Structure formats: structure tokens, C-alpha cells
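[1] Predicted model follows, preceded by the sequence.
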There are 2 protein chains.
Amino acid sequence: MNILEIDTVSLDEKTKELVIIDQTKLPNDIELIRISDKETLYNAIKLLQVRGAPAIGVAAAIGMYAIASRLEVDDISDFKSEYKRISDYINSSRPTAVNLSWALNRMYDTIADISSDVNSLKEILHNEACKIRDEDIAVCEKLGEYGLSLIKDGDGILTHCNAGQLATVRYGTALAPIHLGLRKGMHFKVFTDETRPLLQGARLSAFEMCSAGADTTVICDNMASSVMKNGWVNAVFVGADRIAANGDVANKIGTSGVAVLAKYYNIPFYVVAPTSTIDMNCPDGKHIKIEQRNEDEVTSMWYKKRMAPEGVKVFNPAFDVTENSLVTAIITEKGIIKKPSEIF
Amino acid sequence: MNILEIDTVSLDEKTKELVIIDQTKLPNDIELIRISDKETLYNAIKLLQVRGAPAIGVAAAIGMYAIASRLEVDDISDFKSEYKRISDYINSSRPTAVNLSWALNRMYDTIADISSDVNSLKEILHNEACKIRDEDIAVCEKLGEYGLSLIKDGDGILTHCNAGQLATVRYGTALAPIHLGLRKGMHFKVFTDETRPLLQGARLSAFEMCSAGADTTVICDNMASSVMKNGWVNAVFVGADRIAANGDVANKIGTSGVAVLAKYYNIPFYVVAPTSTIDMNCPDGKHIKIEQRNEDEVTSMWYKKRMAPEGVKVFNPAFDVTENSLVTAIITEKGIIKKPSEIF
């Protein structure tokens, strides 16, 4: 099974189930999980079985359809209340990525004012979930095209975390330009920050890039300065979990540091994200809520043996904020926003 | 057993053995290794059972005495040749830290021109090894005093790798000011970069700092930008494996990135090292040989389960070079060298 031939999240039309790749098992095993109840969907998001901002949004939409299709409620008001209650529960799984609430709100808004029968509501939810999924695919194709226009054959690219196919339905955001270029026969030298603590760079990005045939090197996050200084990096591509109205960008922890380094070494730092990532209700980076996660992720390695002293404190923010002044351009499906700090 | 009450490297006068703490077992177990033959000494250095530039130098000196004391050779020339052969072998264990060759050369130089009997040579080697050890302790005490003059009670300090007691005989280099301040009743908030791939920050520095009673927080290396941005860091203290004649500093991989961040956030970046770390034969950072280590250290976690895809490339330099312009000051036992880029 080639990981690139499986959509990260999909809808099984026959069984009306959300189907996701279990990303906690990568890169060693490719396993799928079928979801149709709220606890499994909540946990799938919280425990990072599905992760990556766009993928979380699409999974939430398809998942809510799968759950809704099984609600045995005849009264429309009761159906909407129950649906909303479950939707709010799913929304509480993780706070930082805007895509989760965006997708859930969009799904609920399609039925909120409809006065019909429950089966019609289920049909509307089905169609909206499919639309959200299809739009994600189309958006990522555009991100690939715009992003590819900024790099050339043979370039060295540094990435952080995983904003590739595994973070979306298909194609990816930050990795979309690379995937597209590779499919056109271009060559790139890709450096994937392993991205502690959960190693999405080593486990997911390196896996995707190797599967796509790219010349891929895994590095520890602290080696970014060395590879940049050695002149091996022509561009940095990262994704985003939320972009504030002023262009400040929240992304996986460590992105901020990569941006500072890129500025220092005069390397373009590109943020690749759908316009749905931009939250106009959020004025700047200080207002983006940063998820704090369990310290075990830092203190215990992949197989749960502790490697830090008992009793030591741990700081484990899952994200950080890169100020707009460090962002060379934001690539969206509608075009490239250059020097966001001067525009927003 | 409190780790702070055991010298990292020492000489057992009775048995004429080098005794070291096995740092690969920390922080979970405190175990000692007794060394008196060249293969064990070579491996102890190569496999990081003893590590930290000053500790490596002292271990090499004491270890060579332990080995020499057992050489059953009567002829002086033969003894010196055999000694030199073994010394060169030990010198080949790791290339980057200047302290190894410095200590080995110093030991050999004390007997090179002596025309006496072998027992006298062994006595000279014994005394020189003890001198090297004692000087290391005295030097670290001075580093502590000078370094402490640059920080105040309540400060937040960020460290990288381990340049503490475990990197020297006693007291440490970069951590010496903190240890000294704590012993005087001061309080510091210490952030230890875990320092991938081998986690000297999480396993060793955090262990030392917790044992010393400091308010200690382990962070992933990529979180340094966040803690600095949050205003939690008043100063950065790091050690050094080699300082070039122009003030460029080679230290554990990732130090360069920390220095760039410190500059960006206007935080003083202090390098704490004995003058013996300065290599006047090395004109600048480009001439410092950077040790490359096995990729397993990156791809397999602490308990050897692979977490990066098979076949992926890995970059695993053990050190990087921080240019002199990013160094606020170099603290040595002879005083503080401010703005090395303007002096050298």
C-alpha cells in the first residue's frame, strides 16, 4: 500500500462511515479506522489519529454526517439540538486549528434554518460534507500550483511538522508544491524537521516525501540553523493552523524559531494555507489560543520509558505564533499574499 | 545517592583506576565504571559514557595514567612509544572537543623529554593527571563566580545540552553560575533544551538542576523561541567544545540556532568555557571539524524502535558553529571577554 494512494480522510458511501488513516501508527503500519460515533470521533481528533488542520476539518464534517445519519430522532427540533450538542462536543477536542470550528459551523449552518424532515436534513449534511471534502482537494491543488511557482528544479526545501497529504484529504498544503513538482519530474532536496515531541516531521512528512520519491533528509529540529547556514535551503514551506487578521501565523511549535532563522539566513519563509485558515475575528497572534498538551509527550519517548527526571516541570505547547514580519508570503488557493505585515 | 556529591570523573588512588559516572544510564540509574585499559577508555569516550568537553579531557588524562601505570615495559624509549601509540588511539575517539587532544598532549609533553626510569615517568604522569583534574575544579569555580556576576536572583536562564557538573569534574561550566547562585540561596527559573538527538538537556542538565533545587522546566529544542518570546528568559548560558581564534564557537548541535534566537529577542547569549577551550591554531569556525554521528541516534528513539521511514537519509552532526557576532560575551576563568567579534 502506497500511502499517497489513500485519501487521509474519506467517506464510505455504502456504510456511511468516516474512514481515516490512523496516523499514530505511521510510518511503521498503514491502518484505517472507521468512525460513526461521537466518542470515537472525539478521540480520533484529540489523540491525533487524524491531525493536520484541513484533515481535522474534513474529518469533523464527514464524521458529523456519519453520526447524524444514525440519529434515530423524528422531530426536527430535537434532531437539530442533538446534532448541535454533539457538534459542540467534537469542537471541544482541540482548540487551536480554526478548521475544526469552521467545518462544524458550516455543517450546522446548512441545516439550522431548514424546516423539513429529518431525512432531508441528513441528505443536506451528506452533501455539505462531500462539498467540504471536494473543496479541500481543489484548494490543495491550487496551493500546489501557486507554491510551485515560487521554487525551481533542484531547490532545497525545509519543512516543519507535517502539512502534506496526511494533513489534508489529498495533496497537502505546504508539501503540495513539492508533490506537484515531483509528479512533473522535478527534483528537490527536502529537509524535514523531525518536529518534537510527536515527530510528525520524521514519521509523516519524511514518509510522504520518501513515498513520493523526493531526496529526503530527516533532521533534528535544532539542526535547521546548520542546514540553512550550509546553503542547502532555498525556501521554507510550512502550513498553518490559524492565521490572525494581521497575518500573524499559528502553526506547530517550533515554526516561530524556523521563521527567525530563515530571516537571519535570508531564506524565504512561505506559509501555505487555504483562505479558510485566516480568522478575521482574531486580530493578532496574541489572541490565538495555544493548546497545551500532556507532559508525557516530552518526557517519555515513543515507547513510554521516561527520559527526564521525575518531578521536573515540563512546558508542552503544541503551537507557537510567528509574527507577520517574519512571513515572506502566504500562499492561498486564491493567490499569493506577499509581505503580509505590510498588507494587513 | 545525590548526583551532585559524586565527581563526574575521578582517580581511585588505591586501585589506580579512572572512575566515571556512566552518563548513558542517567537519569534513571547512577552507575560508576572503573577503567584501566585502552579499549574501555576509548569506548567510554566514543559512546558518551563520559562526555562534556572538560570531563573528556580529565578522563583522558587520568585514564592514560591508569593505563600507563600498568605498562610492564622497562625500557624508557619503548615505554614512551607505547604510551604515545595508546594516546593517539584515545585521541581518535572524538574529533571536535579541543580538551581531549589538549589533555593528551599535555600528559605526553610532561614525559617526552625526561630521561629517567619508567617508574619516575609513571609518577610524573600521576601528578600531571591530578593537576589537570584539580585545575578543572578550580577553573569551574572561577567560571561560576564570573558567570554569576552577570545574572540576578530570580532570573530565567535557558541552557542547551549539558555543560554542568556532569560535563566537568565538579561544578560545571555553563551551569556553574547557577549552581553557585543556588548554593548562596538565590532562585532561578531554568529552561533546559532537551537537546536532541541524545537528550543531554533532559537527561543530564534537568537532572542536575532538579538535584540542586532549581525551578527547572524541560522543553523541546523547538520551544526556545516561545519561552524567549514570552519574556521568561533573561540570559542564555552555554558551554563550548572549541572556540576558534576569532571567537567563533563550536558547541552541541542546536547552539547556533539558540544564538540566532537570542539575538532576535535581545537576550544576552553567554558562552562559558575555560581558556583551554580556545584554539589559537584554529582561525575561525569554518576550520572546526564537526563530528558526524550514527543516524540511529536520530531515527531510533531511546529504546531503539525506529520512528523514521526505512531508507530515508539522515543528517546527524553532533555540533554546530555559532559565529562570533552572536556571542554577547565569553566567560573564562580569567575573566569576561565581551563582544568577542570586536576583539578577536
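    Arrived safely.
[2] How about the contacts made by whichever residue of the stretch 51-200 of chain A sits closest to chain B?
    Using C-beta to the nearest C-beta, the single residue of the stretch 51-200 of chain A nearest to chain B is residue A:196, 4.0 Å away. Glycine gets a C-beta too; all of them are placed from N, C-alpha and C. Residues in contact with residue A:196 (C-beta atoms under 8 Å, 6 or more residues apart in numbering or on different chains) are A:220, A:221, A:254, A:298, B:194, B:196, B:220, B:221, B:222.
[3] Could you do residue A:195 as well?
    Residues in contact with residue A:195 (C-beta under 8 Å, 6+ apart) are A:160, A:161, A:162, A:201, A:202, A:205, A:221, A:252, A:254, B:222.
[4] now the residues you listed as a markdown table including pLDDT?
    Output for these, formatted as a markdown table (pLDDT from 0 to 100):
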| residue | pLDDT |
| --- | --- |
| A:160 | 96 |
| A:161 | 95 |
| A:162 | 95 |
| A:201 | 93 |
| A:202 | 90 |
| A:205 | 94 |
| A:221 | 97 |
| A:252 | 94 |
| A:254 | 95 |
| B:222 | 96 |
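[5] between the residues you listed, which is nearest residue B:133?
    residue A:221 (36.3 Å; C-beta to C-beta).
[6] That closest one is in contact with residue A:193, isn't it?
    Yes. With contact defined as C-beta atoms under 8 Å, residue A:221 counts as touching residue A:193 (4.8 Å).
[7] more crowded one of these two?
    residue A:193 (32 against 26; other C-beta atoms under 10 Å in any protein chain shown).
[8] wait, what's in contact with residue A:182?
    A:188, A:212, A:213, A:214.
[9] what distance separates the stretch of helix or strand residue A:297 belongs to from the middle of the whole chain?
    Secondary structure from DSSP states H and E places residue A:297 in helix A:296-299. On the basis of C-alpha atoms, centre = their mean, to the nearest Å, helix A:296-299 sits 22 Å off its chain's mean C-alpha point.
[10] Which strands or helices does it pack on?
    Applying 3 or more C-beta pairs under 8 Å, 6 or more residues apart in numbering or on different chains; DSSP states H and E, we find helix A:296-299 packed against strand B:215-219.
[11] from the middle of its chain, how far away would the strand it packs on be?
    Computed by C-alpha atoms, centre = their mean, the chain-centroid distance of strand B:215-219 equals 21 Å.
[12] just checking, what packs against it?
    Strand B:215-219 packs on helix A:296-299, strand A:313-314, strand B:189-193, helix B:206-211, going by 3+ C-beta pairs under 8 Å, 6+ apart.
[13] List the contacts of it.
    Contacts of strand B:215-219 (C-beta under 8 Å, 6+ apart): A:298-299, A:308, A:312-315, B:187-194, B:201-202, B:206, B:209-210, B:227.
[14] Go again with 6 Å.
    Outside strand B:215-219, the residues that touch it by C-beta atoms under 6 Å, 6 or more residues apart in numbering or on different chains are A:308, A:312-315, B:189-192, B:194, B:202, B:206, B:209-210.
[15] just those now: which is nearest residue B:120?
    Nearest to residue B:120, judged by C-beta to C-beta, of those is residue B:209 at 44.4 Å.
[16] Counting neighbours, what do you get for the closest one?
    29.
[17] what's it in contact with, if anything?
    B:190, B:216.
[18] Let me know the pLDDT of it.
    Note on residue B:209: pLDDT of 94.
[19] doesn't residue A:272 make contact with residue A:143?
    Yes. Counting by C-beta atoms under 6 Å, residue A:143 does reach residue A:272; the two are 5.4 Å apart.
[20] any common contacting residues for these two?
    Common neighbours of residue A:143 and residue A:272, counting by C-beta under 6 Å, 6+ apart, are A:173, A:331.
[21] tell me which element the residue lying closest to residue A:110 once chain neighbours are set aside is part of?
    The shortest distance from residue A:110 to any non-neighbouring residue, by C-beta to C-beta, 6 or more residues apart in numbering or on different chains, is to residue A:128 (4.6 Å). Take DSSP H and E as the rule and residue A:128 turns out to sit in helix A:118-148.
[22] Is the next helix or strand after that helix in proximity to chain B?
    Going down the chain from helix A:118-148, the next helix or strand is strand A:156-159, by DSSP H and E. No. Applying C-beta under 6 Å from any C-beta of the partner chain, one finds strand A:156-159 separated from chain B by no less than 11.5 Å.
[23] can you pull the buried residues of strand A:156-159?
    A:156, A:157, A:158, A:159 (16 or more other C-beta atoms under 10 Å in any protein chain shown).
[24] What segments of chain A are helices?
    Ranges of helices in chain A, per DSSP state H, are A:38-46, A:53-69, A:76-91, A:98-112, A:118-148, A:176-183, A:200, A:206-211, A:224-229, A:255-264, A:296-299, A:340-343.
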